[in-house]
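> Requesting a structural model of the entry that follows:
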Amino acid sequence: MSRPQGAQSGGSVGNSSSSGNRIDASICARSGSTIERHFAARELPRLLETGAGENSAVTARFHFSQFEGHAAVDGELQGVVVLTCQRCMKPLDLELHESFKVLLVDDEEALDREPGGYEAILADPARLDLVALTEDQVLLALPLVPKHESDSCAEFAIAPAKEEPARDEATQRPFGNLRDLMRGREEK
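Now for the predicted structure:
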């Protein structure tokens, strides 16, 4: 599904205006450049908003090329995002090893296509925000429900309620004779 690049409200994200994080992807695509950036959690505010820990860090590598007249990015993410396991509520170090392919388009009509395996995103190639692009891709890589892969945290999880033993139904029917009482009223 196509989406706009840097789906935040407002303009810039975090340190995206700092030198080196906003680039001209068209020039990089023409020259076949590769750019690598390291981002700490504090530079990725939307990641922190999802509950990621301060010790999270991601290295993003962007290889630029041209595809059908547009700037294309073949990217890789590596790093660790510290989340909370939803089974045991303990910290979970999620290792990221993800790749992505995006095509930078500047008109909404081009968003409906996914040419050559690229996902089209709405972005100004002359002012591509590497922080927002990284953040988008990291957020897409996160699991919906973070939990440890092994069952090692199962011992910390809250045990399900045990089934109560069956009770004697004859003594536990408070409205058992209600029908008889209602019939008695109707007869009067």
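
> pretty sure Gly116 is in a helix, no?
Yes. Gly116 sits within a helix when classified using DSSP: H, G, I helix; E, B strand; the rest coil.

> so who does it touch?
Phe67, Glu68, Ala72, Leu103 (Cβ atoms under 8 Å, 6 or more residues apart in numbering). In short, each C-beta sits where N, CA and C put it, glycine included.

> What pLDDT is listed against Arg183?
For Arg183, the model assigns a pLDDT of 75.

> Only alpha carbons, please: show stretch 21-40 as PDB.
Provided in PDB are the C-alpha atoms of stretch 21-40 (Å, rounded to 0.1, in the frame of the first residue of the first chain):
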ATOM      1  CA  ASN A  21      19.700  14.300   6.900                       C
ATOM      2  CA  ARG A  22      17.800  16.100   4.200                       C
ATOM      3  CA  ILE A  23      19.300  15.300   0.800                       C
ATOM      4  CA  ASP A  24      18.600  15.700  -2.900                       C
ATOM      5  CA  ALA A  25      17.700  12.200  -3.900                       C
ATOM      6  CA  SER A  26      17.500  13.100  -7.600                       C
ATOM      7  CA  ILE A  27      21.200  14.000  -7.600                       C
ATOM      8  CA  CYS A  28      22.100  10.900  -5.600                       C
ATOM      9  CA  ALA A  29      20.100   8.700  -8.000                       C
ATOM     10  CA  ARG A  30      21.900  10.100 -11.000                       C
ATOM     11  CA  SER A  31      25.300   9.400  -9.500                       C
ATOM     12  CA  GLY A  32      24.300   6.000  -7.900                       C
ATOM     13  CA  SER A  33      25.300   7.200  -4.400                       C
ATOM     14  CA  THR A  34      25.100   5.100  -1.200                       C
ATOM     15  CA  ILE A  35      24.600   6.900   2.100                       C
ATOM     16  CA  GLU A  36      24.700   5.300   5.500                       C
ATOM     17  CA  ARG A  37      23.400   7.000   8.700                       C
ATOM     18  CA  HIS A  38      23.300   5.900  12.300                       C
ATOM     19  CA  PHE A  39      20.200   7.100  14.300                       C
ATOM     20  CA  ALA A  40      19.800   6.900  18.100                       C
END
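
> Can you name the element that comes right after the longest helix seen in the chain?
Longest helix of the chain, by residue count under DSSP state H: helix 130-141. Next along the chain after helix 130-141, taking DSSP states H and E as the criterion, comes helix 178-187.
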